[in-house]
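1. Pasted the sequence and its predicted model underneath.
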Amino acid sequence: MFYDLTKRTIDIFGSLVALVIFSPIMILLTMLIKLTSTGPIFYMPERVGKEGKLFNMLKFRSMHMYKIKGKLVHAEKYLESHPKLLRQYQKNSFKLTRDPRITPIGKILRKFSLDELPQLVNVLIGDMSLVGPRAYQNDELIHQQKVYPASRKYVKIISKARPGASGPWQVSGRSFINFDKRVEMDAKYIKRRSIIYDLWIIIKTPFVMISTQGAI
């Protein structure tokens, strides 16, 4: 009870402070995205939250929009019409090392994890926490548990917590860590979580962002 209450207090206070600090950068990024590519400023993918509850995670759009059957759609739909690229995407833990869908500004956003800044709003309203397990796509969880059957026990553990804007895998290799190792790390975090450990991850996160370690 103490941990949960303290963690939520830190989430609210920390996200408010971070939104104020990063607001000039977020305003600048908003203008750059709007001026350099067609489509909305934000992207709101559906993610799996605590106890399996789905929510829309707020991100800066880092990918091109595509016209399919006369309708402007997000880059995720682009994969559906390119089976070879989709297979590569799924095989590589739902990441592409040379993703043709990413905009020039999007490359910078992703390199420094700036596309994740709007998630502070998700933290503020309670969908996410500043620190926690990764927020997964539902189809990613289904697919990867088939590929890595041993990961199912870890997925059950991490589903009990709010996903985090940052977490143990984000500060320990990010995209270079496969799904099975990623969920194992997140499950270990849930078992050993403490306010001190959370604060350590929060302090370490900006340095990882600046270093671009593990970014794709």
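-> Cool, the structure landed. Numbers count the residues shown, from 1 in each chain.

2. any idea whether T30 is helix, strand or coil?
-> helix (DSSP: H, G, I helix; E, B strand; the rest coil).

3. And it, how far from D115?
-> 12 Å (C-beta to C-beta, to the nearest Å). Every residue, glycine included, has its C-beta placed from N, CA and C.

4. more crowded one of these two?
-> D115 (23 against 14; other C-beta atoms under 10 Å).

5. element containing K181?
-> helix 179-192 (DSSP states H and E).

6. same for that helix, what does it pack against?
-> helix 138-147, helix 152-158 (3 or more C-beta pairs under 8 Å, 6 or more residues apart in numbering; DSSP states H and E).

7. which residues are in contact with it?
-> 93-94, 132-134, 140, 144, 147-148, 150-151, 153-155, 157-158, 160-161, 167-169, 172, 177, 197 (C-beta atoms under 8 Å, 6 or more residues apart in numbering).

8. Do a quick rundown of the helices in this protein.
-> Assignment of helices within the chain using DSSP state H yields the ranges 2-36, 75-80, 83-91, 104-111, 119-125, 138-147, 152-158, 179-192, 195-211.

9. right, and those helices - which one's nearest S62?
-> helix 104-111 (3.1 Å; C-beta to C-beta).

10. low pLDDT regions in the chain?
-> The chain contains residues with pLDDT under 70 at 68-70, 73, 75, 77-97, 173-176, 212-216.

11. doesn't F42 make contact with L109?
-> No. L109 is beyond contact range of F42, at 11.9 Å (criterion: C-beta atoms under 8 Å).

12. Of these two, which one has the most company?
-> Neighbour totals were compared for L109 and F42, and L109 leads with 23 against 15 (other C-beta under 10 Å).

13. what sits against the more buried one?
-> With C-beta under 8 Å, 6+ apart, L109 has these contacts: 29, 60, 62, 115.

14. what about R162, neighbour count?
-> Neighbour tally, R162, other C-beta under 10 Å: 24.

15. Skipping its backbone neighbours, what lies nearest it in space?
-> S129 (4.3 Å; C-beta to C-beta, 6 or more residues apart in numbering).
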